[in-house]
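1. The following comprises the amino acid sequence and a computationally predicted model.
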Amino acid sequence: MADLFDTAAQMPDTGPRPLADRLRPQSLSDVIGQEQVLGADGPLGVMLSSGSLGSLILWGPPGVGKTTIARLLAHETDLHFVQVSAIFTGVPDLRKVFEAAKLRRQNGKGTLLFVDEIHRFNKAQQDGFLPHMEDGTILLVGATTENPSFELNAAVLSRAQVITLKRLDHGDLERLVQRAEKEVDRALPLTGEAREALIEMADGDGRALLNIVEQIMAWEVDGKLDRDALATRLMRRAAQYDKSGDAHYNLISALHKSIRGSDPDAALYWFSRMLEGGEDPRFLARRLTRMAVEDIGLADPQANSICVDAWETYERLGSPEGELALAQAVIYLALAPKSNAGYVAYKAARSEAKQSGSAPPPKHILNAPTSMMKDQGYGAGYEYDHDAADGFSGQNYFPDDMKRPVYYTPVERGFERELKKRVAYFTGLRSKRGG
């Protein structure tokens, strides 16, 4: 049966080929930048040396070699390579792929099915792979730029090992440029600074870098272009950022932890990265307010007001002026004294409230609007705190059979220093008065 998805690979290649395609590695040892998974002690290296390659999910940013590695794995293990894209492939297409793989298997040939953008398949489509993975019809290698734990079914993940591929660093990209120069047999017409700028423009994406290199090689220039001349001729690539994807969660986590770590410069950097990526400033305003109540709390009660005011200022001014108010809130939060004592106390109280069932309040703090309730002891023995010495009666306000817990333990930072003194003061009075 003809395989509709790999017939193109069998056709003679007589047309011009892009530089990125011409430089595609011919063996796994030629792959640049993924030594942590392809080396002798890396997960793929160990699988290949032991002859036990299993289904895989290759997770990493664009242009780091996911497709190339999948193709070379098929070559190394003598499996027939079939590639599909989740964007363009439907259930009928997958059925044809599985039927062809079954016939191939009957003839003694295995199939490595590479699924690009596998996270774009819905749950039912992902479930469709399971029986063919389990009976050995296919060895699945999926590629995704999104966090597999969020985007892929647990059933698929339980049958495949996730391999994390890293963004190409400066050294990796420089090696790619050198490989390209060797392929075309001439050096790039760039100064050292312009070459650095070129690598920055690639933003860790090897495929994008080679496409830019190919474009530069086609220019007719006298001498070498400097950084400014290169910037004039090329548009900088937009930063990789998906407001609903993994980068979104990674960057907001970086912003939150930078503020928690009292680093205003790092916090401003991640805040700016999110804005440059097109993040909604209202989302950032909401998260900043959450940080104020979660990580600063009563150590600086003004922090929450600063965030709400900045949020309102943004709503009134809009972009870009309103973003400055949010940036100032970022700086304030980063430099504010930190305490999660209120947050911890709240969570502990909520947890105990769930566990304690429906234990009633002690009768002495219940109102008694009717004579029947008075007869039942409602309000009996209540001491009005304003009439007590120091305005504090020290009575018990927890259920009668409940051991007094301690939820709130203020820290020795910021305004909570004062609150800690007050807690100790009332604790001492309560002990003296037998509360």
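-> Received the coordinates, thanks.

2. From L324, how far off is F271?
-> Per C-beta to C-beta, to the nearest Å, F271 is found 11 Å from L324. Yep, even glycine has a C-beta here, placed from its N, CA and C like the rest.

3. typed the wrong thing, it's F426
-> F426 is 43 Å from L324, by C-beta to C-beta.

4. Compare F271 and L324 and say which one has the larger neighbour count.
-> Higher neighbour count among F271 and L324: F271, with 29 against 14, using other C-beta atoms under 10 Å.

5. residues contacting that one?
-> Shown in contact with F271 (C-beta atoms under 8 Å, 6 or more residues apart in numbering): 255, 284, 326-327, 330.

6. Over to Q34?
-> Going by C-beta under 8 Å, 6+ apart, Q34 touches 64-65, 69, 165-166.

7. Determine which two of those residues are furthest apart.
-> Farthest-apart pair in those is I69 and K166; separation 12.6 Å (C-beta to C-beta).

8. Same drill for these two, tell me which one is more crowded.
-> Per other C-beta under 10 Å, whichever of I69 and K166 has more neighbours is I69, with 25 against 15.

9. Name the helix or strand for that one, please.
-> helix 66-76 (DSSP states H and E).

10. List the buried residues for that helix?
-> 66-74 (16 or more other C-beta atoms under 10 Å).

11. what's the distance between K338 and A20?
-> Computed as C-beta to C-beta, the K338 to A20 distance reads 47 Å.

12. quick one, which of the two is more surrounded?
-> More crowded of K338 and A20, by other C-beta under 10 Å: K338, with 23 against 19.

13. can you pull the contacts of the closest residue in space to Q161 that isn't next to it in sequence?
-> Leaving aside its sequence neighbours, Q161 sits nearest to L56 (C-beta to C-beta, 6 or more residues apart in numbering; 5.6 Å). Residues near L56 by C-beta under 8 Å, 6+ apart: 44, 73, 140-142, 160-163.

14. can you give me the helices for the stretch 151-300 of the chain?
-> Ranges of helices in the stretch 151-300 of the chain, per DSSP state H, counting those that start in this stretch, are 154-158, 170-184, 192-202, 206-217, 227-233, 246-260, 264-276, 281-291.

15. Could you verify that E146 is part of a helix?
-> No - according to DSSP: H, G, I helix; E, B strand; the rest coil, E146 belongs to no helix; its state is coil.

16. ok, now how distant is the closest residue to it other than its chain neighbours from W59?
-> Sequence neighbours aside, H119 is the residue nearest to E146 in space, at 4.6 Å (criterion: C-beta to C-beta, 6+ apart). For H119, the distance to W59 equals 9 Å [C-beta to C-beta].

17. before we move on, back to that, which of the contacts of L56 are buried?
-> Among those, those classed as buried by 16+ other C-beta under 10 Å are 44, 73, 140-142, 160, 162-163.

18. Compile those residues into a markdown table and extend it with columns for pLDDT.
-> Output for the buried ones among the contacts of L56, formatted as a markdown table (pLDDT from 0 to 100):
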| residue | pLDDT |
| --- | --- |
| L44 | 94 |
| L73 | 95 |
| L140 | 96 |
| V141 | 97 |
| G142 | 96 |
| A160 | 94 |
| V162 | 94 |
| I163 | 95 |
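
19. can I get those in TSV with distance to K403?
-> Shown next, in TSV, are the buried ones among the contacts of L56 (distance: C-beta to C-beta, whole Å):
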residue	distance to K403
L44	56
L73	61
L140	55
V141	57
G142	53
A160	50
V162	46
I163	51
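
20. Next step: those restricted to strands.
-> Counting by DSSP state E, those place 140-142, 162-163 in strands.
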